[in-house]
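# Here is my input, please return the structure:
(2 chains)
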Amino acid sequence: MSADGAALGARLRERDLSAAPAALNLLESTTPADREQSARLLREVSPAALGAEAPGHVIGVTGPPGAGKSTLLSALLGSWRDDGKTVAMLAVDPSSRRSGGSLLGDRARIDFDPADRGVLIRSTAAGERLGGLAWATRAAAQALAAAFDVVVIETVGVGQGETEIADLADTVAVVVQPGSGDVLQFLKSGITEIPDVLVVTKADLGQIAMRTRRDLSAALRSLGASSTPVLAVSSLSPPSGIDELVQALSEHRSGLDIPARRLQARRAGALTDFAVEHGERGLRALGGRRAAAALLDAQPPDLEVPALLAVLEQALG
Amino acid sequence: MRTYAGHSTAKASNELYRRNLEKGQTGLSVAFDLPTQTGYDPDDELARGEVGKVGVSISHRGDMAALMDGIPLAEMNTSMTINATAAWLLALYIVAAEDQGVSQEQLQGTTQNDIVKEFLARGTYAFPPAPSMRLIADMIAYTVEHVPKWNPINICSYHLQEAGATPVQEIAYAMSDAIAVLDAVRERVPPDRVEQVFGRISFFVNAGVRFVEEHAKLRAMSILWEELGRERYGVEDPRHLRFRYGVQVNSLGLTEAQPENNVQRIVLETLAVTLGRDARARAIQLPAWNEALGLPRPWDQQWSLRIQQVLAFETDILDYPDIFTGSEVMEGLVAEMLEGARAEMAVVAEHGGAVEAVPYMKAAMVDSQRERIRRIESGAQVVVGQNRFTESEVSPLTADAEGGILVVDPALEAEQIEAVRQWRSQRDQDAVDAALAALAALAREQHGGENLMIGTIAAARAGATTGEWARTLRGVFGSYRAPTGVGEASAAPADAELSELRGEVSRLTEQLGRRPKILVGKPGLDGHSNGAEQIAVRARDSGMDVVYEGIRLTPEQIASSALQEGVHVIGLSILSGSHRELIPAVIDALQRAGVTVPVVVGGIIPEQDVAMLERAGVAAVYTPKDFDITQIMRDIVRLVGAEAEASANGSEGVQVNGSAAVKGPASAHGSA
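Just a heads-up that it's a prediction; the model follows:
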């Protein structure tokens, strides 16, 4: 028996945070009945239903294991809550390829008050799909952005294949720890897209943290991206750099054309979903990827992803 | 000769100690309850259900005075199983001695004080690693000057083996731990004291039933220790170079099934640490035969004491010089252990030493433990009475329906809460406030400040409580969550059983629309997380999504996580005996949060409590006799499947907050 997607979507639209866990249960489900309800849910939180883009700031936070993401997120969470902002965090963990199962340990590493109704933390497994993002994460981010002030999507890894996070977040922050040369190399070689904000953790390490920060700034300059801020933070007491980071994230967002970025994200998402469902053959039937993209571009800008997917599937006949 | 004891109140423990001393016991071994071990007062939210449970509750100098009442502290040798709060408990002991007119110079005994193994195995830490190390270094520096007969630290490899470490891992991690401690103390004492500090460090090791190998392990440890003293710390005096260790024989191998077999296991394990004189234990603690069932009674403890007395006074074990000298087999075994341990110590050093290598060591031990359990499951490792020779006559020892264990009176917690509140209301509050403020200031000094023991003793003398002392330091040091090791644990090789289970999980995934998701966690203060970790790893290996929450969770935290994560089932583990209070509290919190998924419980749960938990709404209870984890997984998968079925078919699949809710936990089991 499926949950009522339209009702859940309406509650989220009215910023009823208590609807979020059930909404996520539904959005993660793959049964046909649930998929249909999911589409209804997303329609209720679409720009068309909201009359504008969802108000929440969707922030992607990514970085290699051990970079200190959880500690950083704990500090950010505290800062946002102090400002009265509601926060949803989607922690995406890599799954075990062999069994399909996964250990989702992030929740235990993030400090928060379990009695605080303004915080939601949800762990999901990346599943078998490349890109490091659970397939339902995009839908979840869109739905939660209707209800929460800040939606964080935390993923593991830097390198190939997590460009997807850039497709769904308004702002992408890459977190590195001092002395990690990988990120530098990935940036230089173009494997990693240039993030909106770079964060060097463990600033308490002093010298080495400062050097990492300098190296990253230099690399960004040489790539013509000197406007990307590089911030050093320390979550150890006394914490430093957290306020500046909150500020930088928020400034990045104010400088964005949110409707354009999200519209592009939704269209890219629909195309990805279509390719997953119908493969290259499906795309060819539509006249190729470019033709499919053109078809999407011709649609009204306030359609949600399932509606866009439906357009493509109709064109398939 | 002593037995590990201490429970409920200071007064009750004091009576027990006096009885044991009369029976010929020559020292005291004090066990503290979990709130005391982790730095919480009885009236703290986290202490619920744990007060007086696994040991005595000591909140302040008044409690310590009552615990030691009539026991001559100038002559007594007191061993305290205390770690994160060791500095505090030693301070209270020093103050109690002052009250008796005994000066600190005369005190003899041991505080366990080994924090690395708390992060790795036992979970009763209070502060983050670096400040914990500072507290330990300060305490060692203090005792070397002022309490010279005290053994300030007892490096515990014991718990590492309990958590699954192989003999090689046990040696390597214990030695690496000792290096981390010694390096920290070296910075806090004058250079000419280092030799003395080295000489005061003792070990607490484990002895398993493979007692030949275990004896070789101890010989290898003596060799490594002496080498470390000479080469790293420049120790020359042979007395200081001696590897001194106490031992508790293995509890991990003790079984709930046919518990009488534990008696012969204990005897054989004792041989591991007594047979060869060159590596003989200085002190031995034996667990009770029925430890796997719950807290032992005085009679059970007497039996353990008698085992030691028979060995010491009836056998000829102590009559000969070392009986393994010249044995090729023993020398070969020792060489093998040394080689393995040195290699593993090098890996730890590469990680930056024992403190930095905690996540690595933890993950390695979770892996070893998983291997051990799989060997028992497959029958490759025989455990008599458990996976072989399981048929049994009715046992006259456990046939009594009351169960052969001691149960702590639940009213005791309320009394202790009342008592600590009364204590606070009757003391000189200004003196306490001043002492705690001074302690905080001391803690804030980064380097070379005054010894933290000074401020700690002053706070103890002023009448501060355990919770206040710890809260003051947490305020400066911050709190901490240790790594769980489960995330890094490697995937199990798929045998036929596991593959079949994965098939079932796949079918369930189709039925549910998403992967079955399980929340695994430990409510309360009990930090023995091995069981929960193994369940989490196996659930992952079976194909489930596992939210592993770790230790020290309040019922509200569990309920909030279950709701937010949208889990299908919840697995809780408790070994401290506080399931009677905590499990119903969790179920209550779940109901208040509108979460109605089934709850399964694992731990040391006496038979007579199972029905009570099921009445409270628990779907299934697992105890140490359920050693087959794959079977537990199968049960859980079927439980979730049955719930989904019921929700799909029946009108009972009501929409709670819009989720496809399953039936109430009270009826969960019946529908399976």
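
# Tell me the pLDDT of residue 277.
Unless you meant another one, I'm taking chain A. As predicted, A:Glu277 sits at a pLDDT of 84.

# Chain B was what I was after
With respect to pLDDT, B:Arg277 has a value of 91.

# I'd guessed it sits against B:Pro321; true?
Yes. Using CB atoms under 8 Å, B:Arg277 is in contact with B:Pro321, at 5.9 Å. Placement of C-beta: from N, CA and C, glycine included.

# So these two - more neighbours on which side?
Taking other CB atoms under 10 Å in any protein chain shown, B:Arg277 and B:Pro321 do not tie; B:Arg277 has more neighbours (14 against 8).

# Would you mind measuring from that one to B:Phe324?
Distance, B:Arg277 to B:Phe324, by CB to CB, to the nearest Å: 9 Å.

# For the stretch 151-300 of chain A, just list every one of the helices.
Here the stretch 151-300 of chain A has its helices, by DSSP state H, counting those that start in this stretch, at A:164-168, A:181-189, A:207-222, A:242-254, A:258-285, A:289-297.

# How about the stretch 501-650 of chain B?
All helices of the stretch 501-650 of chain B, identified by DSSP H, counting those that start in this stretch, fall at B:530-541, B:555-565, B:579-593, B:607-616, B:629-649.

# what's the most buried one of those helices?
Most buried of these by mean neighbour count (mean count of other CB atoms under 10 Å in any protein chain shown) is helix B:530-541; its value is a mean of 27.

# does any bit of that helix sit next to chain A?
Yes. Using CB under 8 Å from any CB of the partner chain, helix B:530-541 reaches chain A at B:536-537, B:539-541.

# Closest one of those residues to chain A?
B:Arg540 (4.1 Å; CB to the nearest CB).

# Looks like that closest one contacts B:Val547 (just checking).
No. Here B:Arg540 lies out of contact with B:Val547, judged by CB under 8 Å, at a distance of 10.7 Å.

# Same list (the helices of the stretch 501-650 of chain B) but as a markdown table, adding mean pLDDT and distance to B:Ala434.
Below are those laid out as a markdown table (pLDDT from 0 to 100; distance: least, CB to CB, whole Å):
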| stretch | mean pLDDT | distance to B:Ala434 |
| --- | --- | --- |
| helix B:530-541 | 90 | 42 |
| helix B:555-565 | 94 | 35 |
| helix B:579-593 | 93 | 36 |
| helix B:607-616 | 91 | 46 |
| helix B:629-649 | 91 | 53 |
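
# Do I have it right that A:Ala39 meets A:Gly9?
No. If you go by CB under 8 Å, A:Ala39 and A:Gly9 don't touch, sitting 9.8 Å apart.

# Which residue of these two possesses the greater neighbour count?
Taking neighbours as other CB under 10 Å, A:Ala39 and A:Gly9 compare with A:Gly9 leading, 28 against 19.

# Now that one: which helix or strand?
Per DSSP states H and E: A:Gly9 is located in helix A:5-13.

# What is the distance between the very next helix or strand once past that helix and the centre of its chain?
Sequence-wise, the next helix or strand downstream of helix A:5-13 (DSSP H and E) is helix A:20-28. In terms of CA atoms, centre = their mean, to the nearest Å, the centre of helix A:20-28 is found 16 Å from the chain centre.

# For helix A:20-28, give the mean pLDDT please.
Average pLDDT, helix A:20-28: 95.

# now the helix or strand that that helix is followed by against helix A:20-28, angle please.
The helix or strand immediately downstream of helix A:20-28 is helix A:32-44, counting by DSSP H and E. Here helix A:32-44 runs at an angle of 120 degrees relative to helix A:20-28 (axes from the mean of the first three to the mean of the last three CA atoms, to 10 degrees).

# in helix A:32-44, what counts as buried?
A:34-35, A:37-44 (16 or more other CB atoms under 10 Å in any protein chain shown).
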